[in-house]
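A.B. asks: coordinates for the following, if possible.
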Amino acid sequence: MVSIPAGSFLMGSDDHYPEERPAHLEQVAGFRMDQHPVTNAEFRRFVKDTGYRTIAETPPTAEEFPDATPDQLVAGSLVFRQTEGPVPLNDWRQWWHWTTGAHWRAPLGPGSTLDGLDRHPVVHIAFEDALAYAHWAGKELPTEVEWEYAARAGRPPTMYAWGDEVEPHGRVMANTWRGEFPWQNLEPPGRDRTSAVGRYRANDWGLVDLIGNVWEWTTSGWTDSHAEAGAEQHSCCAPERPLQESDRKVMKGGSHVCAESYCLRYRPPARQGQSVRSSTSHLGFRCIKRD
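C.D. replies: The predicted structure is shown next:
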């Protein structure tokens, strides 16, 4: 883990998506953060030790979803699939597909494996799965404030975590979509999804893959802006009530399917809401320990 010093920073942005507003000053206590997202190898050790089954591996029950038909009560997760050509960008179902049998061991669905992916971030992780791993590891999940502070790494606000140019001097700084989304990916086959942690340059505090590769869970409840966030944004404690299907948490960092033309969210202030029991092929997590 990497030690993150206490300090203050300007959180959010007034220049991009509405949910990032308003930019405001935040004070943060020191903590330690995993250098990289939790990998497949690390998650495998957790599962071997505990026998844990993720949400994506567990069929929903009729009691939970009384209006569902039997054929809908199957385990699975959302998998990204590149389209064959340009498509309208207002319908995510063109590239996201519910896939029966997709989960962390089979990230693309039945027949796929983790061969050669031990150092890649684990994906298809729901919020409860991330909490279970963190508890087993003696750690916690970060709040949105802590996550964004770590991503800035003491730097002044800039467009990207590393500066104002997306590829300074032609150097690719993070695993994001390069090309026309969602049909043209300029990465060669085999390098067009997640990448091994640490393939890209660490930030000034020694953290890798906070930007791009996979989105990461935080414990902060979703709000439409920072003005509405209040204590939820800072809450570091277990929820006072059981999680509900309708609950949403903030995820941060963007992923390998974030593109300038569609989802310019591979920036520290960017944020999206995710249903706590939903999982995808581009969503993982990392843990922290508070001082």
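A.B. asks: distance of residue 175 relative to residue 259?
C.D. replies: Computed as C-beta to C-beta, to the nearest Å, the residue 175 to residue 259 distance reads 12 Å. Heads up, the C-betas are built off the backbone N, CA and C, glycines and all.
A.B. asks: which one's more surrounded, the two?
C.D. replies: Per other C-beta atoms under 10 Å, whichever of residue 175 and residue 259 has more neighbours is residue 175, with 28 against 21.
A.B. asks: strands along the stretch 1-150 of the chain, start to end?
C.D. replies: 2-4, 7-11, 24-28, 31-33, 76-80, 96-100 (DSSP state E, counting those that start in this stretch).
A.B. asks: quick one: buried residues of the second one?
C.D. replies: Spelled out, that is strand 7-11. 9, 11 (16 or more other C-beta atoms under 10 Å).
A.B. asks: go on, stretch 198-209?
C.D. replies: 199, 200, 203, 205, 207, 208, 209.
A.B. asks: which of those sit farthest apart?
C.D. replies: Spatially, the most separated pair among the buried residues of stretch 198-209 is 199 and 205, at 18.0 Å (C-beta to C-beta).
A.B. asks: helix, strand, or coil at the residue nearest to residue 64 when sequence neighbours are not counted?
C.D. replies: The spatially closest residue to residue 64, leaving aside those adjacent along the chain, is residue 245, at 7.4 Å (C-beta to C-beta, 6 or more residues apart in numbering). Put simply, residue 245 is coil when judged by DSSP: H, G, I helix; E, B strand; the rest coil.
A.B. asks: quick one, phi/psi of residue 151?
C.D. replies: phi -70, psi -30 (degrees, to the nearest 10).
A.B. asks: where exactly do the helices run in the stretch 101-250 of the chain?
C.D. replies: Using DSSP state H, counting those that start in this stretch, the helices of the stretch 101-250 of the chain run over 127-136, 144-152.
A.B. asks: tell me the most buried of the ones you listed?
C.D. replies: helix 144-152 (a mean of 25; mean count of other C-beta atoms under 10 Å).
A.B. asks: tell me the mean pLDDT over it?
C.D. replies: What helix 144-152 shows for mean pLDDT is 98.
A.B. asks: show me the longest strand that occurs in this protein.
C.D. replies: Longest strand in the chain, counting residues (DSSP state E): strand 215-221.
A.B. asks: which elements pack onto that strand?
C.D. replies: Strand 215-221 is packed against helix 144-152, strand 248-252, strand 271-275, strand 283-284, with contacts defined by 3 or more C-beta pairs under 8 Å, 6 or more residues apart in numbering; DSSP states H and E.
A.B. asks: please enumerate residues in contact with stretch 84-94?
C.D. replies: 83, 95, 180, 181, 182, 183, 261, 262 (C-beta atoms under 8 Å, 6 or more residues apart in numbering).
A.B. asks: which one of the residues you listed is nearest residue 48?
C.D. replies: residue 95 (33.3 Å).
A.B. asks: would you mind measuring the gap between the ends of stretch 48-57?
C.D. replies: 15 Å (C-alpha to C-alpha, to the nearest Å).
A.B. asks: leaving out chain neighbours, which residue sits closest to residue 72?
C.D. replies: Using C-beta to C-beta, 6+ apart, the nearest residue to residue 72 is residue 65, at 7.4 Å.
A.B. asks: how near is the one you found to residue 194?
C.D. replies: 30 Å.
A.B. asks: so those two - more neighbours on which side?
C.D. replies: residue 194 (27 against 12).
A.B. asks: surely the more buried one meets residue 123?
C.D. replies: Yes - taking contacts as C-beta atoms under 8 Å, residue 194 lies within contact range of residue 123: 6.7 Å.
A.B. asks: list residues touching both of those two?
C.D. replies: In contact with both residue 194 and residue 123: 214, 282, using C-beta under 8 Å, 6+ apart.
A.B. asks: who's the residue nearest the centre of the chain bridged to?
C.D. replies: Residue closest to the average C-alpha location in the chain (C-alpha atoms, centre = their mean): residue 215, at 1.8 Å. Under DSSP bridges, the beta-bridge partners of residue 215 are residue 283.
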